[in-house]
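Chemist: here are the coordinates; sequence isn't available:
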């Protein structure tokens, strides 16, 4: 699975070197040059890891780390020329998972990135529910990428499954078509009709009543939200 990494670094030369190196390793990388831009990218995207420089304008790396940690458990790597123990301790207390001091080796950086991603995947696997129940007849199995109805498998396309899983993780939260595209396709939305087509396919397979949907509700002019009862089962 392609991983999405956010790099927040105001030195463009360093940022692009990191981006090119990580992309060569198979990662999808977004670069932000300020703390506010990094926070905006984080809130609009779906990232598996963030690399944050401490000395960035508008919003410090410490503050950005703290704000991200309030909303997400993704690995955070602090990157800075500061080598003082106090800065390392402060960053770790604010939720960072690792601290890399400039100058650094790209091989060391990618090794640390891989280690953090591996640990996080293992932790999420232990934490994730065996299945998610919604309604009285449906069960979604995250690890198997499978949906069942009364024990029988419901055939979903990979993107239909990802959209449904996204909704089940955030019941009652409204998602715009652009947000769904960004979170499921992992790139900026160029055609909202793609989401519309997949939503129709998903609703048809859930046997939704178009006038009175049980699970996925259209928020007219805005997007969609999941309104059914959701229960995580271990």
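Modeler: Happy to help now that I have it. In this text, all values refer to a predicted model and were calculated from it rather than measured experimentally.

Chemist: go through stretch 177-185 and flag the buried ones.
Modeler: By neighbour count on 16 or more other CB atoms under 10 Å, the buried set for stretch 177-185 is 177, 179-185. Backbone N, C-alpha and C define where each C-beta goes, glycine included.

Chemist: got a list of what residue 9 touches?
Modeler: Shown in contact with residue 9 (CB atoms under 8 Å, 6 or more residues apart in numbering): 15, 18, 31-33, 51, 53, 56, 79.

Chemist: one step back: pLDDT and secondary structure for the buried residues of stretch 177-185 - can I get that in CSV?
Modeler: Shown next, in CSV, are the buried residues of stretch 177-185 (pLDDT from 0 to 100; DSSP: H, G, I helix; E, B strand; the rest coil):
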residue, pLDDT, secondary structure
177, 92, helix
179, 89, helix
180, 90, helix
181, 88, helix
182, 82, helix
183, 83, helix
184, 85, helix
185, 82, helix
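
Chemist: export those residues as JSON lines, with columns for distance to residue 68.
Modeler: Output for the buried residues of stretch 177-185, formatted as JSON lines (distance: CB to CB, whole Å):
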{"residue": "177", "distance to residue 68": "25"}
{"residue": "179", "distance to residue 68": "18"}
{"residue": "180", "distance to residue 68": "21"}
{"residue": "181", "distance to residue 68": "22"}
{"residue": "182", "distance to residue 68": "17"}
{"residue": "183", "distance to residue 68": "16"}
{"residue": "184", "distance to residue 68": "21"}
{"residue": "185", "distance to residue 68": "22"}
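
Chemist: before we move on, back to that, now, the contacts of residue 9 that are in helices?
Modeler: Using DSSP state H, the members of those that fall within helices are 15, 18.

Chemist: which of the contacts of residue 9 lies closest to residue 118?
Modeler: Minimum distance to residue 118 across the contacts of residue 9 is 16.1 Å, recorded for residue 51 (CB to CB).

Chemist: surely the closest one meets residue 15?
Modeler: No - with contact defined as CB atoms under 8 Å, residue 51 does not reach residue 15; the gap is 9.3 Å.

Chemist: higher neighbour count, these two?
Modeler: Set side by side, residue 51 and residue 15 show more neighbours around residue 51, with 27 against 20, by other CB atoms under 10 Å.

Chemist: for residue 191, see how far away the residue nearest the centre of the chain is.
Modeler: Note on the chain: the residue nearest the mean C-alpha position is residue 46, at 2.7 Å, using CA atoms, centre = their mean. Separation of residue 46 from residue 191 (CB to CB, to the nearest Å): 19 Å.

Chemist: per-residue pLDDT, the residue of the chain most remote from its centre?
Modeler: Checked against the mean C-alpha position of the chain, the extreme residue using CA atoms, centre = their mean is residue 211, at a distance of 31.9 Å. According to the prediction, residue 211 has pLDDT 81.
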